[in-house]
Structure formats: structure tokens, C-alpha cells
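1. Could you work out the structure for the sequence below:
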Amino acid sequence: MSNIDIASAWKDEEYRNSLTKEQRSQLPENPAEIIELADE
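-> Residues are numbered from 1 along each chain as shown. You can find the predicted model right below:
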């Protein structure tokens, strides 16, 4: 899977849902989902 495909899958839910289960399992975690913001 190319970097463009990975970025598209992270950004576009419709594109991500069009991938097969196997392709979705190969996606690395989206780094934006790791960030936790403080309430401050």
C-alpha cells in the first residue's frame, strides 16, 4: 500500500470503507488519533 493510499484512508472515510478487510488491517495507526489534548 502506497503512502498516498494510506493518507487517503486516514482522511477519507468513504475510501477507507472501500478497502478490503485485509487492506484495512495493513494500515498503520493514524498518528492524529494518538494525540490527546488537555482541557486547558
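
2. By residue count, tell me the biggest helix in this structure.
-> Longest helix in the chain, counting residues (DSSP state H): helix 3-11.

3. downstream neighbour of that one in the secondary structure list?
-> helix 13-18 (DSSP states H and E).

4. now for that next one, which elements pack on it?
-> Applying 3 or more C-beta pairs under 8 Å, 6 or more residues apart in numbering; DSSP states H and E, we find helix 13-18 packed against helix 3-11. Every C-beta, even on glycine, is put in place using the N, C-alpha and C of the backbone.

5. which outside residues touch the helix it packs on?
-> 15, 16, 19, 24, 27, 28, 30, 32 (C-beta atoms under 8 Å, 6 or more residues apart in numbering).

6. swap in stretch 27-40?
-> 1, 6, 9, 10, 16, 19.

7. Which of the residues you listed ranks first by neighbour count?
-> residue 9 (21 neighbours; other C-beta atoms under 10 Å).

8. So that one versus residue 21, what's the distance?
-> In this view, residue 9 and residue 21 are 13 Å apart by C-beta to C-beta, to the nearest Å.

9. so where's the chain uncertain?
-> Counting by pLDDT under 70, the low-confidence segments of the chain come to 33-35.

10. do that again at 50, thanks
-> For the chain, no stretch is flagged by pLDDT under 50.

11. Distance to residue 39 added to the contacts of stretch 27-40, as TSV?
-> What follows is those, written out as TSV (distance: C-beta to C-beta, whole Å):
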residue	distance to residue 39
1	36
6	31
9	30
10	26
16	29
19	35
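
12. for stretch 17-31, how far is the first residue from the last?
-> 19 Å (C-alpha to C-alpha, to the nearest Å).

13. mind listing what's buried in it?
-> For stretch 17-31, burial by neighbour count (16 or more other C-beta atoms under 10 Å) applies to residue 19.
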